[in-house]
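Q: structure of the sequence below:
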Amino acid sequence: MVFFEKSQPAPVSLAIEKAKANGSYNQPDVVEMLGHDFKRKCYICEIKPTTFNIEHFVPHKGNKDLEFDWNNLFLVCGHCNTIKSDKYDNILNCTNIHDDVENKLKYTFEPIDKVIKIRALDTEQKTNNTKDLLVAVYNGTTSLKELDVENLIEYLENEIDNFQEKLKKYLKTNEIEVKELYLPKIREHLSRASNFTAFKRWIIKNNPKLKAEFEQYFD
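A: Okay, here's the model as predicted:
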């Protein structure tokens, strides 16, 4: 997860729909603003899926205030929405800067064994609950979900290979022209709009040389 800032004020349709007996929060202006705020990717696994869901960060369980609360509406993929469901309601909020989501969880991908590791960096319950959710997302909870995970890991592996290839080409040359060619591509990988941004940023944060060179480009 990385930090996303929610646009304010809330989409106009939410108040209108909330006042109806059978209103729906799934309105065009809501979808458009969520797509903009979450960079058109799932806030949990960080992929840009072919199918999006709108989920409630805190399960509303029939509570209309929570159901139509703009700050409670998040953009997810179907895989993560199914796993999170209403089982994880005390997790780090990636739209709350004070939750510091990018520095409370460490992401590691071991390509040889195709293993994803998520480590909580403090002892807060919210951090541990978030780690548990991410472990479930990246490892699967059923046989069908494990199939989803195989595709997700393949996607992650390709993204990391592509990112590291650009890092190597940038670092091994002293030619200004070559560095100017690859730096924008590296910055694109490190942006919040990239797939698996958290994994890529931890590659940078884990290496003092890379951190000194590239942490300034975290948007």
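Q: separation between Asn22 and Glu67?
A: Taking CB to CB, to the nearest Å as the measure, Asn22 falls 12 Å from Glu67. Just so you know, the C-beta spots here come from the backbone N, C-alpha and C atoms, and that holds for glycine as well.
Q: so which of these two has more stuff around it?
A: Neighbours were counted for Asn22 and for Glu67 using other CB atoms under 10 Å; Glu67 has more, 19 against 5.
Q: hmm, Tyr25 and the more buried one touching each other?
A: Yes. Applying CB atoms under 8 Å, one finds Glu67 in contact with Tyr25, separated by 6.4 Å.
Q: helix or strand right after whichever helix in the chain runs longest?
A: Ordering each helix of the chain by length in residues (DSSP state H) puts helix 143-171 first. Using DSSP states H and E, the helix or strand that follows helix 143-171 towards the C-terminus is helix 176-190.
Q: tabulate the CA atom coordinates of that next one in CSV.
A: Provided in CSV are the C-alpha atoms of helix 176-190 (Å, rounded to 0.1, in the frame of the first residue of the first chain):
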residue,chain,number,x,y,z
ILE,A,176,24.4,11.9,-19.4
GLU,A,177,22.2,11.0,-22.4
VAL,A,178,21.6,7.5,-21.2
LYS,A,179,20.8,8.6,-17.6
GLU,A,180,18.4,11.2,-19.0
LEU,A,181,16.7,8.4,-21.0
TYR,A,182,16.2,6.1,-18.0
LEU,A,183,15.6,8.5,-15.1
PRO,A,184,12.0,9.3,-16.2
LYS,A,185,11.2,5.6,-16.6
ILE,A,186,12.6,4.9,-13.1
ARG,A,187,10.5,7.8,-11.7
GLU,A,188,7.4,6.4,-13.4
HIS,A,189,8.0,3.1,-11.7
LEU,A,190,8.3,4.8,-8.3
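Q: buried ones in the helix or strand bottoming out on mean pLDDT in the chain, by neighbour count?
A: Taking mean pLDDT, DSSP states H and E as the measure, the chain has helix 143-171 as its least confident helix or strand, at a mean of 91. In terms of neighbour count (16 or more other CB atoms under 10 Å), helix 143-171 has its buried residues at 145, 148-149, 152-153, 156, 159-160, 163, 166-167, 170.
Q: mind putting those residues in TSV, distance to His98 included?
A: TSV is the format used below for the buried residues of helix 143-171 (distance: CB to CB, whole Å):
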residue	distance to His98
Lys145	32
Asp148	32
Val149	31
Leu152	29
Ile153	32
Leu156	28
Glu159	29
Ile160	30
Phe163	29
Lys166	33
Leu167	31
Tyr170	34
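Q: nearest to Asn139, of these?
A: Nearest to Asn139 out of the buried residues of helix 143-171 is Val149 (CB to CB; 6.2 Å).
Q: wait, what's in contact with that closest one?
A: 138-140 (CB atoms under 8 Å, 6 or more residues apart in numbering).
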